[in-house]
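> Take a look and give me a structure for this.
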Amino acid sequence: MSPIRALLLTLALAAMSPAHAELRVFVASGLGGEPDYEQRFQHQAEAIAQAAARSGAAPEDVVLLTGERAKRETLRRELTAFVGKAQKDDQVVVVFVGHGSFDGEDYRFNVPGPDVTGREIAAILDKLTAAQQLIVNATSSSGAVVEQWKRPNRIVITATKSGGERNATRFAQFWVEALTSPEADRDKNETVTAEEAYEYAARKVADTFKSDAALATEHSRIEGGAPARFVVARLGANAALPNDAALAAMTKEQTDIEQQIDALKARKPSLPADQYYDELEKVLLTLARLDRRIDERKTTLLGTQARETDESKSR
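Presented below is the predicted three-dimensional model:
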């Protein structure tokens, strides 16, 4: 293996664009305590659900609980049903917006009536079989659940670093912005990954405290999974793409190939260098050919969509 070839394969691996998978999204906004917070939390939850729809999630795969619908028993029932429907190949996102509390032992998501504990939520989430999981807890004291909710195939994002950061958080506001902002799309590929959205939201939170000349009362965390691969939003032309069975099949294949690459990278220390790079080259070539087919399909779909729009306007 020549150094130049190794470098080229390494660069190709780093440049891989994240695959888009079908989304299942669950969003719950909790108790506000005051009308201003109540409206803010509901608006943020609705905006997250809308972003999921724009990113290709089918209406039946987006669950939104706000106000009285977010009571403890309803939330437990709906989250259990949501988890039960998720399949291994699905991409699952669960988001909590609102206030949380921590008494030194248990985290609680504040909802109308009795609160839901972090342990209760963890027990339900443990039944998730999806290979790609993202849990975002944007509440105060949310850092208390990180260790409890972490799993090998799961990304956990919290608005605070611990249960001790108890003030109302600003993180959800900027997470919502990240799902629709080209500024969050760091590599300008019209998709926003969990990593990009997190970095955008964390930076914006820090900036607001600086501009207020105030001591920061929240420090977000991200743990686990592969956030650079997990797409949370589609922008521009990507967002305009209609649902298409052929494209869905190809993006599923793209995800499978990227998982093969992850498995190969894990085996790298045990393989001779030549064997590793030979296998890597083979998989990357397969992925490059598939990427070209996906781009061609997207171009065809967008062209068809544009023609249909023009025809409808001319009638």
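
> Quick one: the helices in the stretch 1-150 of the chain, in order.
Here the stretch 1-150 of the chain has its helices, by DSSP state H, counting those that start in this stretch, at 3-14, 35-54, 72-85, 118-125, 146-149.

> Just put those in CSV and tack on mean pLDDT.
Converted to CSV, the helices of the stretch 1-150 of the chain look like this (pLDDT from 0 to 100):
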stretch, mean pLDDT
helix 3-14, 54
helix 35-54, 92
helix 72-85, 96
helix 118-125, 97
helix 146-149, 96
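
> Which of those helices sits closest to residue 63?
Of all the helices of the stretch 1-150 of the chain, it is helix 72-85 that lies closest to residue 63, at 5.2 Å by C-beta to C-beta. C-betas here are computed from N, CA, C, even on glycine.

> Now the closest residue to residue 223 other than its chain neighbours: phi and psi?
Nearest residue to residue 223 in three dimensions, chain neighbours excluded: residue 156, at 5.0 Å (C-beta to C-beta, 6 or more residues apart in numbering). Residue 156 adopts backbone torsions of phi -120, psi 120, taken as degrees, to the nearest 10.

> For residue 213, what is the enclosing helix or strand?
Residue 213 belongs to no helix or strand when assigned by DSSP states H and E.

> What degree of burial does it show, as a neighbour count?
Burial of residue 213 is recorded as 6 neighbouring residues (other C-beta atoms under 10 Å).

> Low-confidence stretches in the stretch 101-250 of the chain?
Residues of the stretch 101-250 of the chain meeting the criterion pLDDT under 70: 237-244.

> swap the cut-off to 80 and go again
Residue ranges of the stretch 101-250 of the chain with pLDDT under 80: 189, 228-229, 236-245, 247-250.

> what angle do the strand or helix carrying residue 206 and helix 35-54 make?
Here residue 206 sits within helix 194-211, counting by DSSP H and E. Here helix 194-211 runs at an angle of 150 degrees relative to helix 35-54 (axes from the mean of the first three to the mean of the last three C-alpha atoms, to 10 degrees).

> any idea how far helix 194-211 is from the chain center?
With C-alpha atoms, centre = their mean, to the nearest Å as the basis, helix 194-211 stands 16 Å off its chain's centre.

> Residue 85: what's its closest spatial neighbour, skipping adjacent residues?
Nearest to residue 85 is residue 24, by C-beta to C-beta, 6+ apart, at 7.1 Å.

> in what helix or strand does the residue nearest in space to the middle of the chain lie?
For the chain, residue 232 is the residue whose C-alpha lies nearest the centre (C-alpha atoms, centre = their mean; 4.0 Å). Remark: residue 232 resides in strand 231-234, with elements defined by DSSP H and E.

> circling back: what score does the residue nearest to residue 85 have for pLDDT?
On pLDDT, residue 24 comes in at 93.

> List the residues that contact it.
For residue 24, the contacting residues are 57, 61, 62, 82, 85, 86, 90, 91, 92, 93, 130, by C-beta atoms under 8 Å, 6 or more residues apart in numbering.

> and which of the residues you listed is nearest residue 303?
Distances from residue 303 to the contacts of residue 24, taken by C-beta to C-beta, are shortest for residue 57, at 24.2 Å.

> thought that closest one was touching residue 48?
No: applying C-beta atoms under 8 Å, one finds residue 57 not in contact with residue 48, separated by 10.8 Å.

> Those two: who's more crowded?
Using other C-beta under 10 Å as the criterion, residue 57 and residue 48 rank with residue 48 on top: 26 against 19.

> List the residues that contact the more buried one.
Residues in contact with residue 48 (C-beta under 8 Å, 6+ apart) are 25, 27, 95, 97, 175, 176, 179.

> again, only using 7 Å
27, 95, 176, 179 (C-beta atoms under 7 Å, 6 or more residues apart in numbering).

> right, and the helices of the stretch 1-150 of the chain - which one's nearest residue 286?
helix 3-14 (12.0 Å).

> What's the local residue count around residue 269?
Count around residue 269 with other C-beta under 10 Å applied: 7.

> do residue 120 as well
Number of residues near residue 120 (other C-beta under 10 Å) recorded here: 17.

> Ok, residue 150 next?
Residue 150, neighbours per other C-beta under 10 Å, totals 15.

> residue ranges for the helices of the stretch 151-300 of the chain, please.
Under the criterion DSSP H, counting those that start in this stretch, the stretch 151-300 of the chain contains helices at 171-178, 194-211, 236-240, 245-267, 273-314.
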